[in-house]
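Novice: Take a look and give me a structure for this.
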Amino acid sequence: MELGYKLSKGRFNLNVELELPETGISVLYGHSGCGKTTLLRCVAGLEKEAAGHFSIGNEVWDSPKSKLKPHKRAIGYVFQEPSLFSHLSVKDNLDYGIKRTIEASKKSLDEAIAVLGIEHLLDQKPQALSGGEAQRVGIARALALNPKILLFDEPLASLDDDRKREILPYLKRVKRQLSIPMLYVTHAAPEVAMLADHVVVMHEGRVVSSDSLAASLSNESSPLKLNGEISTVLTGQVTEIDKHWHLACLSIYDQKLWLPDAKLSIGDEVRVQILSKDIGLANSAGDASFQNVLKAEIVAINEGEHPSQAIVKAAAGEHAFMVMVTKRALANLALDVGSQVLLQVKSVAIHS
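Specialist: Sure thing, here's the model as predicted:
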């Protein structure tokens with residue numbers, strides 16, 4: 001999809017030009033007030049003064065010559081609060097939504113209910129739902145409209161950590177089971193690591209960077225860091241379960257990465273994140289306690305934030321690992337670009 005918008009609101013100026021994938025989740029990331037929600041509203045046709053263009057597939061919604069009215073755009077919009085009618089049941093709330101839209105259908109509604117796992121909630125009133133359940137209903141309502149694109153405006157912002165953990169698997173299920181591109185606004189870096197396929201970093205109405213999640217997290221100059229650390233993100237399938245030691249195996253380029261099983265099953269798709277400080281380098285395996293030792297080749301060495309540090313980029317097949325080490329360690333191991341090396345992975349965060 002291609003989009004570009006210019007909009008002035010008082011002292012704030014939006015000036016954005018982007019080309020985004022039409023699959024997966026593209027995240028708009030940045031601090032509050034940087035223009036993320038304004039850009040989302042432009043795509044929805046809600047900013048009447050915005051000038052620009054938007055196209056998805058073979059449809060053009062905005063151009064210098066015309067603007068498609070908001071109600072004619074095939075979008076599903078998910079807000080921070082689902083705004084359900086308190087006097088209607090969940091089912092009646094959903095039925096009310098599809099009756100007002102031509103594109104919606106009973107089939108798309110049934111599919112949305114199944115994907116979001118809300119069958120058992122249909123007879124309940126909104127006030128009986130938890131925050132996570134209410135937001136799942138809101139997402140189902142947006143999906144039932146049979147949209148060309150889903151727009152999420154910080155849908156987890158008002159939820160506590162437990163409710164966030166409850167709803168995240170359903171967002172991933174929507175991405176996995178339905179071929180609908182999603183544009184997702186957040187200022188929370190952990191959400192980006194868990195959900196994003198593509199990341200747009202914004203600042204003061206401008207695009208700072210637009211790249212894949214892996215490239216964004218491994219870029220030492222990117223503001224998108226988890227606890228100030230650059231990191232590596234990998235996605236793969238579970239190929240083995242060690243029930244005795246409660247471990248699951250993820251295949252990484254014909255090598256094995258062992259994780260806590262976390263109720264995983266063979267065939268599950270898992271996303272993991274490894275901080276640069278949680279990987280060590282070695283010339284030989286030795287008798288270390290590391291369960292995860294991967295063969296790799298050093299492809300780049302860059303300066304770290306401190307004069308004593310270096311950032312090593314090591315490739316294991318198609319995967320690039322970012323490693324924070326001291327320059328003295330590199331010298332002691334006689335490592336340089338082109339060196340074959342062993343990556344000793346100390347800790348893995350699972351975003352399954």
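
Novice: Can you pull out the low-pLDDT segments for this protein?
Specialist: Judged by pLDDT under 70, the chain has its weakly predicted residues at 100-104, 220-228, 286-288, 350-352.

Novice: Please go through it and pick out the longest helix.
Specialist: Ordering each helix of the chain by length in residues (DSSP state H) puts helix 161-177 first.

Novice: hmm, who's touching the helix or strand following it?
Specialist: The helix or strand immediately downstream of helix 161-177 is strand 182-186, counting by DSSP states H and E. If you take Cβ atoms under 8 Å, 6 or more residues apart in numbering as the criterion, strand 182-186 is touched by 20, 24-29, 36-37, 40, 43, 149-157, 174-175, 192, 195-196. Where C-beta positions appear, they are placed from N, C-alpha and C, glycine not excepted.

Novice: So which of those are in helices?
Specialist: Using DSSP H, the contacts of strand 182-186 in helices are 36-37, 40, 43, 174-175, 192, 195.

Novice: where along this protein do the helices fall?
Specialist: Assigned by DSSP H, the helices in the chain fall at 36-44, 90-99, 106-116, 131-143, 161-177, 189-195, 213-218, 327-333.

Novice: now, of the ones you listed, which is deepest in the fold?
Specialist: helix 131-143 (a mean of 24; mean count of other Cβ atoms under 10 Å).

Novice: Residue 69: neighbouring residues, count only.
Specialist: With neighbours defined by other Cβ atoms under 10 Å, the count for residue 69 comes to 8.

Novice: for residue 64, same thing?
Specialist: Neighbours of residue 64 (other Cβ under 10 Å): 8.

Novice: quick one: contacts for the spatially closest residue to it that is not a sequence neighbour?
Specialist: Among residues not flanking residue 64 along the chain, residue 53 sits closest, at 7.0 Å (Cβ to Cβ, 6 or more residues apart in numbering). Going by Cβ under 8 Å, 6+ apart, residue 53 touches 2-5, 60, 62-64.

Novice: Could you check how far residue 53 is from residue 235?
Specialist: 32 Å (Cβ to Cβ, to the nearest Å).

Novice: swap in residue 248?
Specialist: To residue 235, residue 248 is 14 Å away according to Cβ to Cβ.

Novice: Between those two, which is the more surrounded one?
Specialist: More crowded of residue 248 and residue 235, by other Cβ under 10 Å: residue 248, with 24 against 15.

Novice: So the more buried one is in contact with residue 237, correct?
Specialist: No. Contact criterion Cβ atoms under 8 Å: residue 248 and residue 237 do not qualify, at 10.3 Å.

Novice: intersection of neighbour lists for these two?
Specialist: Joint contacts of residue 248 and residue 237 (Cβ under 8 Å, 6+ apart) are 268, 270.

Novice: Please name the spatially closest residue to residue 195 (chain neighbours excluded).
Specialist: Closest to residue 195 by Cβ to Cβ, 6+ apart is residue 25, at 5.2 Å.

Novice: That neighbour bridge partners, please.
Specialist: Beta bridges link residue 25 to residue 182, judged by DSSP bridges.

Novice: List the contacts of it.
Specialist: Applying Cβ under 8 Å, 6+ apart, we find residue 25 in contact with 171, 175, 182, 184, 195-198.

Novice: Which residue, other than its chain neighbours, is closest to residue 151?
Specialist: Using Cβ to Cβ, 6+ apart and skipping residues adjacent in sequence, the residue nearest residue 151 is residue 77, 4.9 Å away.

Novice: Ok, residue 55 next?
Specialist: Excluding the flanking residues, the one nearest residue 55 by Cβ to Cβ, 6+ apart is residue 2, at 5.2 Å.

Novice: Bridged to the one you found, which residues?
Specialist: With DSSP bridges as the rule, residue 2 is bridged to residue 19, residue 55.

Novice: Can you get me a residue count around it?
Specialist: Number of residues near residue 2 (other Cβ under 10 Å) recorded here: 13.

Novice: Please apply the same query to the one 5 residues further on.
Specialist: Counted with other Cβ under 10 Å, the burial measure for residue 7 works out to 21 neighbours.

Novice: how close does the residue nearest to residue 195 get to residue 349?
Specialist: 18 Å.

Novice: circling back: the residue nearest to residue 151 - how many residues pack around it?
Specialist: There are 21 residues near residue 77, going by other Cβ under 10 Å.

Novice: Test my guess that it contacts residue 142.
Specialist: Yes. Between residue 77 and residue 142 there is a contact under Cβ under 8 Å: 6.2 Å.

Novice: Report the central residue of the chain.
Specialist: For the chain, the residue sitting closest to the mean C-alpha position, by Cα atoms, centre = their mean, is residue 196 at 1.8 Å.

Novice: Now do the contacts for it.
Specialist: Residue 196 touches 25-27, 29, 184, 213, 216, counting by Cβ under 8 Å, 6+ apart.

Novice: Spatially nearest residue to it, not counting backbone neighbours?
Specialist: Leaving aside its sequence neighbours, residue 196 sits nearest to residue 27 (Cβ to Cβ, 6+ apart; 4.1 Å).

Novice: Can you spell out the domain ranges of the protein, please?
Specialist: Following the assignment in the TED database, the chain carries domains at 2-228, 231-351.
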